[in-house]
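In: Need a 3D model of the sequence below.
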Amino acid sequence: QVQLVESGGGLVQAGGSLRLSCAASGGIFSSYRMGWFRQGPGKEREFVATINRSGGSTAYADSVKGRFTISRDNAKNTVYLQMNSLKPEDTAVYYCAAAPTRYDYWGQGTQVTVSS
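Out: Purely as a prediction, here's the structure:
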């Protein structure tokens, strides 16, 4: 069983930056594709970014492309989401997820609030 714990959320002004971390345990981290998702107030959960097992391939939602960067450190069993130029519409609970094949494992989420 894989456990995922997110951290790094908080309150930030528009234009600011935050770095989210997601620490994994209980599995073979380097064998999982990892992703970040978010759920804003009154909205459905949506895809934000994903990174392959080695870290050599990434993909982003159009809404965050050029502002967010996903990365991973397999030696530390951790995936990161660097968020720059934050906007109020980025306000959401951010979740990381691990995919052996599909996203079977999810963290509890970390709140990100961007004030205007």
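In: Return, as residue ranges, the portions of the protein with sub-threshold pLDDT.
Out: Residues of the chain meeting the criterion pLDDT under 70: none.
In: Show me where it has its helices.
Out: Applying DSSP state H to the chain gives no helices.
In: Leaving out the residues flanking it, which one is nearest to the most centrally placed residue in the chain?
Out: For the chain, the residue sitting closest to the mean C-alpha position, by CA atoms, centre = their mean, is W36 at 3.1 Å. Counting by CB to CB, 6 or more residues apart in numbering, V48 is the residue found nearest to W36 once chain neighbours are left out, at 4.3 Å. From N, CA and C alone the C-beta is placed, and that goes for glycine too.
In: can you check T110 too?
Out: Counting by CB to CB, 6+ apart, the residue nearest T110 is G9, at 3.4 Å.
In: Quick check: that neighbour touching V114?
Out: No. Using CB atoms under 8 Å, G9 makes no contact with V114, being 10.8 Å away.
In: Show me where this protein has its strands.
Out: Here the chain has its strands, by DSSP state E, at 3-7, 10-13, 18-25, 33-39, 46-51, 58-60, 68-73, 78-83, 92-99, 105-106, 110-115.
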